[in-house]
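[1] Test case, fold it:
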Amino acid sequence: MNLTDMCILTFDNVSKKYPYVKEFLFKNLSFSVSKGQRVGIVAEKQCGKSSVVKIIAQLTKQTEGQVLLDGKDLFSVPVNKRGIGIVFDDFALMPGKTVEKNVAFPLKVRKEQNIEQKTSMQIEKFGLQSVAKTKTKKLLPVEKLATALARLDSRTDIELVVFDDLFAKVDRQQALPLINLFLNDREVGILQTSSEIDHLTECDVVHVVADGTIAFTGSFDEAKNYIERTKCFDKFGINEDIKKVLQDN
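    The predicted model follows:
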């Protein structure tokens, strides 16, 4: 069986609506990510990309539809059994802790052996030796990304990696070597969101989300052509009530 035939994540007619807001943020999103496949979602800013990621992370729940992980309801699978690694758009680091302590944290949670040695290996692998004792709130964006990846890289159970609008805060040319270092030899599915189509050039499939629904699905070149031809992102504005809710969350 081809690797891309093995589906890891499935969104089946998933909709999201926040309390006290009449309109849905998005409606009936259906897509899947398979092992060995890189899937992109492109949408305008504040149009639901991060909410998709938060649903996957169980930080919020969909209003309608199903989210499946290996064919099972995502919310029924214990967190430590999900095999999902996420790099959030804000990196989700502990700002008051050093790089060293951020990288060591998941190792301690899993009660692994030789934590100090494994932490040092990750710090060296991602070139963080000079900032190992620095609190992450003082880091440059690319250093924050390296820290987030070093922390995630210690896990061997990952089947799905999610990158949330990665290049919005980190220069693409600086980020790619770090991402490739992390992905090296990993047979995983990848979901990548962005508000810029040109940030998704590596994706096998790109879903264009406009006006709260998937308007087009195709290759990177096809998706870019669709956006340029239809100017779909120029036609729809975001509801102000939804915008306020997203800013507050």
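[2] hang on, Cys158 is in a helix, isn't it?
    For the record, residue 158 is Ile, not Cys. No. Under DSSP: H, G, I helix; E, B strand; the rest coil, Ile158 sits outside any helix and is assigned coil.
[3] got the CA positions of stretch 172-179 in PDB?
    Coordinates of the C-alpha atoms in stretch 172-179 are reproduced here as PDB (Å, rounded to 0.1, in the frame of the first residue of the first chain):
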ATOM      1  CA  ARG A 172      11.200  31.400   5.200                       C
ATOM      2  CA  GLN A 173      14.900  31.000   4.300                       C
ATOM      3  CA  GLN A 174      15.800  30.800   8.000                       C
ATOM      4  CA  ALA A 175      13.000  28.500   8.900                       C
ATOM      5  CA  LEU A 176      13.300  25.800   6.200                       C
ATOM      6  CA  PRO A 177      16.700  24.400   7.300                       C
ATOM      7  CA  LEU A 178      15.300  23.900  10.800                       C
ATOM      8  CA  ILE A 179      12.100  22.300   9.500                       C
END
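[4] Can you give me the pLDDT of Asp234?
    Note for Asp234: predicted pLDDT of 76.
[5] What are the contacting residues of the helix or strand containing it?
    For Asp234, the element it lies in under DSSP states H and E is helix 232-235. Contacts made with helix 232-235 from outside it, assessed by Cβ atoms under 8 Å, 6 or more residues apart in numbering, are listed as 44, 208, 210-211, 215-216, 226-227. For the C-beta atoms, the positions are set from N, CA and C on the backbone; glycine is no exception.
[6] go with 10 Å
    Counting contacts by Cβ atoms under 10 Å, 6 or more residues apart in numbering, the residues outside helix 232-235 that touch it are 42-45, 47, 195, 197, 208-211, 215-216, 226-227.
[7] Please report which of those residues has the highest neighbour count.
    Neighbour counts for these were taken using other Cβ atoms under 10 Å; the highest belongs to Val42, with 28 neighbours.
[8] Can you tell me, leaving aside adjacent residues, what's nearest to that residue?
    Among residues not flanking Val42 along the chain, Ile197 sits closest, at 5.0 Å (Cβ to Cβ, 6 or more residues apart in numbering).
[9] wait, doesn't Asp12 sit right on Val67?
    Yes. With contact defined as Cβ atoms under 10 Å, Asp12 reaches Val67; the gap is 7.5 Å.
[10] what comes up buried for stretch 124-133?
    Neighbour counts over stretch 124-133 (16 or more other Cβ atoms under 10 Å) mark 126, 128, 131-132 as buried.
[11] what about Val161, which SS state?
    Assigned with three-state DSSP, Val161 falls in the strand class.
[12] give the contact list for it.
    Counting by Cβ under 10 Å, 6+ apart, Val161 makes contact with 33, 38, 83-87, 149, 152, 179, 182-183, 186, 188-192.
[13] for Asn102, same thing?
    So, once contact is read as Cβ under 10 Å, 6+ apart, Asn102 ends up touching 91-95, 119, 128, 135-136, 139, 144, 147-148, 150-151.
[14] show me where the chain has strands.
    For the chain, the strands defined by DSSP state E occupy 7-16, 26-34, 38-42, 64-69, 72-73, 84-87, 160-164, 189-194, 205-210, 213-218.
[15] Distance-wise, check the nearest residue to Ile55 once chain neighbours are set aside relative to Lys224.
    In this structure, Ile55 finds its nearest non-sequential neighbour in Gln62, 5.4 Å apart by Cβ to Cβ, 6+ apart. If you measure Gln62 against Lys224 using Cβ to Cβ, to the nearest Å, the figure is 28 Å.
[16] Counting neighbours, go ahead and name the busier of these two.
    Here Gln62 and Lys224 are set side by side on neighbour count (other Cβ under 10 Å), and the busier one is Gln62, at 21 against 18.
[17] Got the phi and psi for that one?
    phi -70, psi 150 (degrees, to the nearest 10).
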